[in-house]
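>>> Quick one, what's the 3D model for this:
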Amino acid sequence: MTTTPNSRRKIRMGMIGGGRGAFIGAVHRMAAALDGEIELVCGAFSSDPERSKLSGEDLYLPGHRVYGSYQEMIAREQELPEGDRMDFVSIVTPNHQHYGPAKLALESGFHVVCDKPLCFSIDEARELVALVEKTGQLFALTHNYTGYPMVKQARAMIAAGELGAIRKVVAAYPQGWLSTKLEDTDSKQAGWRTDPARSGIAGAMGDIGTHAENLAEYITGLHISELCADISALVPGRRLDDDGNVLLRFSNGARGLLYASQISAGEENGLTIQVYGEKGGIEWRQMEPNTLVVKWLDRPVQHLRTGSVGLSAAAQAAARLPAGHPEGYLEAFANIYRNVARCIRARGAGETPDPLHLDFPTVADGLRGMRFVEAVIASGKSEQKWIKL
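Below you'll find the model as predicted:
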């Protein structure tokens, strides 16, 4: 069973997780709705059926489209006629609850958008990669920072060889919100992120380090081939890492450095990346996302701006507003959802999706992220240190 959406209707989304008290679920819903191409039609918003029901009421969904479990939602939606059922499912649960819903949705003929990291373990990630290949369904992973126009501009410039061969990559993601043992309070977000049973083998490296890893590989077009990591839990009693520093070697021989920290007091979401080639370099900062700084060996520094003339096709396609009107986090997130919606619509019409619309992180990127996390933790515990990916 595969839905074939009519080109004159919205793409229908079901959501798993994201109910009352959840942060990221609301972000996904706002992003999906931003361009008017997607509508939320159903959901299993909590593992608690009553909480799911109340969350559905908050979102003004009809009661019969709010389910007590993801298994019930997928089974019931599959029974609906093509004109009514959801086209894809958005999974916004904690890490340990990604695999089951994703697997069942793919097997049931539904496309999937999943929050990062891909799942709880690398074995689960490999199974999902195989299942996507088998079913042919679309699978998007919301590494949302790839959606920024100036990130796409940096990627296009490097792919075109404007910086020359890449030699050095520096990616950093400092936060400060876990500088105290917040998990001992009633903080839901801190609770699951610091719990090995729900987060997996990594804390900060799985939560935000994977964003830095994905951004480095997305912008450069290179893969990390080896790494050497120093991983710490610096808050006493914390069970998972809250700080890490990683030396990187890339597939073309370039060298790099990545650090992720959730105990950098005073930092908010300071994701930054610097890439240096033979001819010049780029610098991008997530908290000032509309500017890409380009530094040259033989000419003055450039400051490229979102919405300006002369940018790459990918950067132009990712912008919605004229130059000088800031675009940010939600718009970047929305670019992933918009691209998924347009690919679903194209495939439903028997057409090949526009390559610009296929520009979103996939299940294969999710597997690379899980391999990165596994290698980082292994290196952090090893005396040998250098680990191949």
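>>> name the element residue 298 belongs to?
Using DSSP states H and E, residue 298 is not contained in any helix or strand.
>>> how about it, what does it touch?
Neighbour list for residue 298: residue 279 [criterion: CB atoms under 8 Å, 6 or more residues apart in numbering]. Glycine gets a C-beta too; all of them are placed from N, C-alpha and C.
>>> Check what pLDDT it gets.
Listed pLDDT for residue 298 reads 93.
>>> do the same with residue 268
We have a pLDDT of 97 for residue 268.
>>> ok, it - contacts?
Residues in contact with residue 268 (CB under 8 Å, 6+ apart) are 175-176, 287.
>>> switch to 6 Å and redo it
For residue 268, no contacting residues are found, by CB atoms under 6 Å, 6 or more residues apart in numbering.
>>> Isn't residue 242 up against residue 264?
No: the criterion here is CB atoms under 6 Å, and residue 242 misses it with residue 264 at 9.6 Å.
>>> Those two - which one has more neighbours?
Between residue 242 and residue 264, counted using other CB atoms under 10 Å, the more crowded position is residue 242 (26 against 21).
>>> Distance of that one relative to residue 311?
Look at residue 242 and residue 311: by CB to CB, to the nearest Å, they are 37 Å apart.
>>> Could you check how far the nearest residue to residue 352 once chain neighbours are set aside is from residue 355?
Of all residues not flanking residue 352 in the chain, residue 346 sits nearest, at 6.8 Å (CB to CB, 6 or more residues apart in numbering). Taking CB to CB as the measure, residue 346 falls 11 Å from residue 355.
>>> These two: who's more crowded?
Between residue 346 and residue 355, residue 346 has the larger neighbour count (other CB under 10 Å), namely 17 against 9.
>>> how near is residue 241 to residue 181?
Distance, residue 241 to residue 181, using CB to CB: 14 Å.
>>> out of these two, which sits in the more crowded spot?
Counting neighbours by other CB under 10 Å for residue 241 and for residue 181 shows that residue 241 has the greater number, 28 against 14.
>>> quick one, what contacts the residue nearest to the spatial centre of the chain?
For the chain, the residue nearest the mean C-alpha position is residue 143 (1.7 Å; CA atoms, centre = their mean). By CB under 6 Å, 6+ apart, residue 143 lies in contact with 116, 214, 361.
>>> pLDDT on whatever helix or strand the residue nearest to residue 352 lives in, on average?
Secondary structure from DSSP H and E places residue 346 in helix 329-348. For helix 329-348, mean pLDDT is 96.
>>> quick one on the thing from earlier: any idea how far the residue nearest to the centre of the chain lies from residue 97?
Distance of residue 143 to residue 97, given as CB to CB: 19 Å.
>>> and what of residue 237?
To residue 97, residue 237 is 25 Å away according to CB to CB.
>>> Of these two, give the one with the bigger neighbour count.
Between residue 237 and residue 97, residue 97 has the larger neighbour count (other CB under 10 Å), namely 19 against 9.
>>> Spatially, which residue comes closest to the more buried one, not counting chain neighbours?
In this structure, residue 97 finds its nearest non-sequential neighbour in residue 17, 7.0 Å apart by CB to CB, 6+ apart.
>>> and that neighbour, what pLDDT?
On the pLDDT scale, residue 17 is placed at 96.
>>> Give me the phi and psi for the residue at the greatest distance from the centre of the chain.
In the chain, the residue that sits farthest from the middle, by CA atoms, centre = their mean, is residue 298; the gap is 36.1 Å. Main-chain torsions, residue 298, degrees, to the nearest 10: phi -120, psi 20.
>>> in terms of contact, does the residue nearest to residue 97 touch residue 92 like I think?
Yes: with contacts counted by CB under 6 Å, residue 17 reaches residue 92, the gap being 4.3 Å.
>>> what's the overlap in contacts for those two?
Both residue 17 and residue 92 are in contact with residue 25, where contact means CB under 6 Å, 6+ apart.
>>> could you pull out the helices for the protein?
Secondary structure of the chain (DSSP state H): helices at 24-33, 49-58, 70-79, 99-107, 122-135, 149-159, 188-193, 196-199, 204, 210-220, 313-318, 329-348, 363-381.
>>> where do the strands sit along the stretch 151-300 of the chain?
Secondary structure of the stretch 151-300 of the chain (DSSP state E, counting those that start in this stretch): strands at 166-174, 224-232, 243-250, 255-261, 272-277, 280-285, 291-296.
>>> Serialize the ones you listed to a markdown table and add fields for mean neighbour count and distance to residue 126.
Shown next, in a markdown table, are these (neighbours: other CB atoms under 10 Å; distance: least, CB to CB, whole Å):
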| stretch | mean neighbour count | distance to residue 126 |
| --- | --- | --- |
| strand 166-174 | 22 | 25 |
| strand 224-232 | 19 | 18 |
| strand 243-250 | 21 | 22 |
| strand 255-261 | 22 | 23 |
| strand 272-277 | 21 | 28 |
| strand 280-285 | 21 | 31 |
| strand 291-296 | 17 | 35 |
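>>> how about those strands in a markdown table, adding distance to residue 76?
Converted to a markdown table, those look like this (distance: least, CB to CB, whole Å):
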| stretch | distance to residue 76 |
| --- | --- |
| strand 166-174 | 39 |
| strand 224-232 | 42 |
| strand 243-250 | 43 |
| strand 255-261 | 40 |
| strand 272-277 | 43 |
| strand 280-285 | 44 |
| strand 291-296 | 46 |
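>>> out of these, nearest to residue 66?
Smallest distance to residue 66 across these (CB to CB): 35.4 Å, for strand 166-174.
>>> can you state the direction angle for the closest one and strand 272-277?
Orientation check (axes from the mean of the first three to the mean of the last three CA atoms, to 10 degrees): strand 166-174 against strand 272-277 gives 170 degrees.
>>> how close does the residue nearest to residue 352 get to residue 87?
Plainly put, residue 346 is 12 Å away from residue 87 if you go by CB to CB.
>>> swap in residue 214?
In this view, residue 214 and residue 87 are 25 Å apart by CB to CB.
>>> the more surrounded of those two?
residue 87 (27 against 24).
>>> From what I see, the more buried one and residue 11 are in contact.
Yes: the pair residue 87 and residue 11 passes the contact test of CB under 6 Å, sitting 5.0 Å apart.
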